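**Student:** Attaching a predicted model along with its sequence, questions to come.
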Amino acid sequence: MAIIEVNCPACGKTLQFEDTKEKGFCEFCGEQILLKDSAAAPSPAADAPACAAPAEPACSAPAYSAPEPSDKLAAAKTAFSRGDYNTAKAGFEKALSGGERTWDAVFYNALCEAYVSDPLKAPFQDVFNAAGDASAMIKAENPGADDRKASIFFDAFDFIKQFYYKNCTPDKGYVFPSAEAAGAHYTNLERLAALTLYILDIADDATTAANPRLEDTKKQAINLALEICSAAKKNITYLVGYEVIKDKSGIAATQPVNRKLSPLFDEQAEAYEKSLKDKYNTLPGTTAALKNFDERIAAREGEINDFEDALKRFFLVNPEDEKKYRKPGLFGAKKKKEEVESKFSEELLRQKDLAEAAKEDLKELQKSKKQFIADNIKR
């Protein structure tokens, strides 16, 4: 027995099955896969160049013809894309002062300011406001779903990731030189979590088309925000001073005296965590996959129940055969069942075969659904 790899025809995920099986179910979306066919057919991904990027799905929202950006705005966006935030900020400010108040000038100007600011005084509120203003401006131009809102989400999340890993992770130390610095760190964690929730709301209205990149990035954003909330509930201490201590031999040494910051954010962090988990569990891909599992399970259960109902009708006409079939005993059980089945009509035999196959499928589906829930549902 060997293990084969196949790609799910519905979601494209790579799966592993024993080569003795003829069919199986995708543990990611619940799709039934005919393994003999899948093993024989080449994977579409296998023939693609290794560096080929996946094509972005087209948005089904109404088309909007945005005005061509000025040279100043185009240059500022180019500077932003290469990470030159000071140059980009100067360009966005010139565009805004010149009357070019577009959604991208408003949003990216605030984002550049956040990138170049002192981390202890990062203007998170300005990013909140700019993201909201930019989203409202896009909505005024196009009331439907709009991919430009996805740009707000992607770039704001990039900022959140960079800010957190650069300034807030445990390897930077949770002992701060002063109560003010510890409080600023604490505030930053709270605002990063709040900003993530806010841009997730904007992303929910970004597109009506299936967009795997958007959904995957939403998952990353939620997981990072949960990590941020967890970090906010850990002990955060600050330096009060030093004290001199002596060991048993009388040798003096100094050691720092730290004080724990009051856990002001714990209750709010827990509220954020609940909202984030709810968002994760209701992502379109997750709910669609669970629905697919439930529909397939219901179909298999229906086939089993149809056979049971037909069997009951058969035993109403042949009551002497029910005990032989349902409780044949230890000796001659197979022969007794075959004797009863010889009286089955062609339709009842067909239903029996369907029910037996459905029972096997049901075990696999329930196992795959359980694994999917373990991997994709936040408790």
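**Tutor:** Thanks, I have the structure now.

**Student:** which residues of this structure fall in helices?
**Tutor:** With DSSP state H as the criterion, the chain has helices at 35-40, 71-81, 85-97, 103-116, 124-141, 147-167, 179-204, 212-232, 266-281, 284-317, 322-326, 333-341, 346-376.

**Student:** Averaged over its residues, which helix or strand of this protein has the lowest pLDDT?
**Tutor:** helix 35-40 (a mean of 56; mean pLDDT, DSSP states H and E).

**Student:** sorry, back to before: with mean neighbour count and distance to residue 10 added, can I get the helices of the chain in JSON lines?
**Tutor:** Every residue, glycine included, has its C-beta placed from N, CA and C. Shown next, in JSON lines, are those (neighbours: other Cβ atoms under 10 Å; distance: least, Cβ to Cβ, whole Å):
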{"stretch": "helix 35-40", "mean neighbour count": "14", "distance to residue 10": "12"}
{"stretch": "helix 71-81", "mean neighbour count": "18", "distance to residue 10": "34"}
{"stretch": "helix 85-97", "mean neighbour count": "19", "distance to residue 10": "41"}
{"stretch": "helix 103-116", "mean neighbour count": "22", "distance to residue 10": "36"}
{"stretch": "helix 124-141", "mean neighbour count": "18", "distance to residue 10": "32"}
{"stretch": "helix 147-167", "mean neighbour count": "19", "distance to residue 10": "23"}
{"stretch": "helix 179-204", "mean neighbour count": "19", "distance to residue 10": "23"}
{"stretch": "helix 212-232", "mean neighbour count": "18", "distance to residue 10": "12"}
{"stretch": "helix 266-281", "mean neighbour count": "16", "distance to residue 10": "21"}
{"stretch": "helix 284-317", "mean neighbour count": "15", "distance to residue 10": "8"}
{"stretch": "helix 322-326", "mean neighbour count": "15", "distance to residue 10": "39"}
{"stretch": "helix 333-341", "mean neighbour count": "13", "distance to residue 10": "37"}
{"stretch": "helix 346-376", "mean neighbour count": "15", "distance to residue 10": "13"}
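
**Student:** right, so of those, which gets closest to residue 250?
**Tutor:** Closest to residue 250 of those, according to Cβ to Cβ: helix 179-204, at 33.9 Å.

**Student:** which strands and helices sit next to the closest one?
**Tutor:** helix 124-141, helix 147-167, helix 212-232, strand 237-246, helix 266-281 (3 or more Cβ pairs under 8 Å, 6 or more residues apart in numbering; DSSP states H and E).

**Student:** is it true that residue 366 touches residue 296?
**Tutor:** No: if you go by Cβ atoms under 8 Å, residue 366 and residue 296 don't touch, sitting 10.2 Å apart.

**Student:** hmm, back to that, switch the helices of the chain over to JSON lines; also include distance to residue 246.
**Tutor:** Shown next, in JSON lines, are those (distance: least, Cβ to Cβ, whole Å):
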{"stretch": "helix 35-40", "distance to residue 246": "74"}
{"stretch": "helix 71-81", "distance to residue 246": "57"}
{"stretch": "helix 85-97", "distance to residue 246": "51"}
{"stretch": "helix 103-116", "distance to residue 246": "48"}
{"stretch": "helix 124-141", "distance to residue 246": "47"}
{"stretch": "helix 147-167", "distance to residue 246": "38"}
{"stretch": "helix 179-204", "distance to residue 246": "29"}
{"stretch": "helix 212-232", "distance to residue 246": "37"}
{"stretch": "helix 266-281", "distance to residue 246": "38"}
{"stretch": "helix 284-317", "distance to residue 246": "61"}
{"stretch": "helix 322-326", "distance to residue 246": "85"}
{"stretch": "helix 333-341", "distance to residue 246": "85"}
{"stretch": "helix 346-376", "distance to residue 246": "55"}
